[in-house]
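Enquirer: No letters, just coordinates:
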């Protein structure tokens, strides 16, 4: 149980284009989903917290107009990197927190590697 | 503010050796949760354990064991009889009432055959 999927797993795009990443909780309903970014050999940094049906809460220093988050249902959240630039190249990981059971635990997706040329 | 410190950047051991990963945390909250995650080269984070602040019992799961000491704000992780498949980056993390995770910098474990 507690499986989270992400799509795509890897994407290469040209500078200036937008990229959408999907995060799905497959076998549980997620009250909250989180989006992280991880640069090579670094730790995970929280970008934003996404609650179903409400606006995402962004961490300090994260541009909400650049990283659009939509949490349309209890099993799906999307992150859109708008007008991507090479410095946005990173490993983006989502996590989902169950609404019941082990509510304190976040289960992570496999991540999406974004390369902006 | 919450903070997690993993002082060991890299640890290299030979197979079958034991390895202990240190984790020290800071928080002002009385209720909090501690976690360990494993990140193999594939990148996916694998949940290993969750501990709440009121449960100081140590835990053993197979070759893995955890030592939670509130008095020293530490939550250390030991892999007994390490194997090559244990090679990964291990993250200690902390959350409290808002469920946001604060991660340590991670410790890269390399197990050599």
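Expert: Here it is on my side, so go on. Being a predicted model, the structure only gives us computed values, none of them experimental.
Enquirer: Let me know the pLDDT of residue B:61.
Expert: Looking at residue B:61, its pLDDT stands at 90.
Enquirer: Let me fix that, I meant to ask about residue A:74.
Expert: We have a pLDDT of 89 for residue A:74.
Enquirer: okay, now residue A:28: neighbour count?
Expert: By the criterion of other Cβ atoms under 10 Å in any protein chain shown, residue A:28 has 20 neighbours. To be clear about C-beta, it is placed using only N, CA and C from the backbone, and glycine gets the same treatment.
Enquirer: now check the worst-scoring helix or strand of chain B on mean pLDDT, is it near chain A?
Expert: Of all helical and strand segments in chain B, the minimum by mean pLDDT, DSSP states H and E falls on strand B:59-61, at a mean of 88. No - judged by Cβ under 8 Å from any Cβ of the partner chain, strand B:59-61 and chain A are separated, with a smallest distance of 14.7 Å.
Enquirer: Mind telling me what element the closest residue to residue A:99 other than its chain neighbours is part of?
Expert: Nearest residue to residue A:99, sequence neighbours excluded (Cβ to Cβ, 6 or more residues apart in numbering or on different chains): residue A:31, at 4.0 Å. Element membership of residue A:31, judged by DSSP states H and E, is strand A:30-38.
Enquirer: which is the next helix or strand following that strand?
Expert: Assigned by DSSP H and E, the successor of strand A:30-38 is strand A:45-51.
Enquirer: Can you name the secondary structure element that comes next after that next one?
Expert: Counting by DSSP H and E, what follows strand A:45-51 is strand A:57-58.
Enquirer: wait, what's in contact with residue 79?
Expert: Using chain A here. Taking Cβ atoms under 8 Å, 6 or more residues apart in numbering or on different chains, we find residue A:79 in contact with A:20, A:21, A:23, A:35, A:47, A:67, A:68, A:69, A:92, A:94.
Enquirer: think we crossed wires, I meant chain B
Expert: B:18, B:19, B:20, B:21, B:63, B:64, B:86, B:109.
Enquirer: partners of it in the sheet?
Expert: With DSSP bridges as the criterion, residue B:79 is bridged to residue B:19, residue B:64.
Enquirer: where does it land on pLDDT?
Expert: On pLDDT, residue B:79 comes in at 97.
Enquirer: And it, how close does it get to residue B:42?
Expert: With distances taken as Cβ to Cβ, to the nearest Å, residue B:79 is found 19 Å from residue B:42.
Enquirer: circling back to that earlier point, most widely separated two among the contacts of residue A:79?
Expert: Spatial extent of the contacts of residue A:79 (Cβ to Cβ) is set by the pair A:20 and A:47 at 15.0 Å.
Enquirer: neighbour count winner among those two?
Expert: residue A:47 (24 against 14).
Enquirer: Contacts only, for the more buried one.
Expert: Residues near residue A:47 by Cβ under 8 Å, 6+ apart: A:35, A:36, A:37, A:58, A:59, A:62, A:67, A:79.
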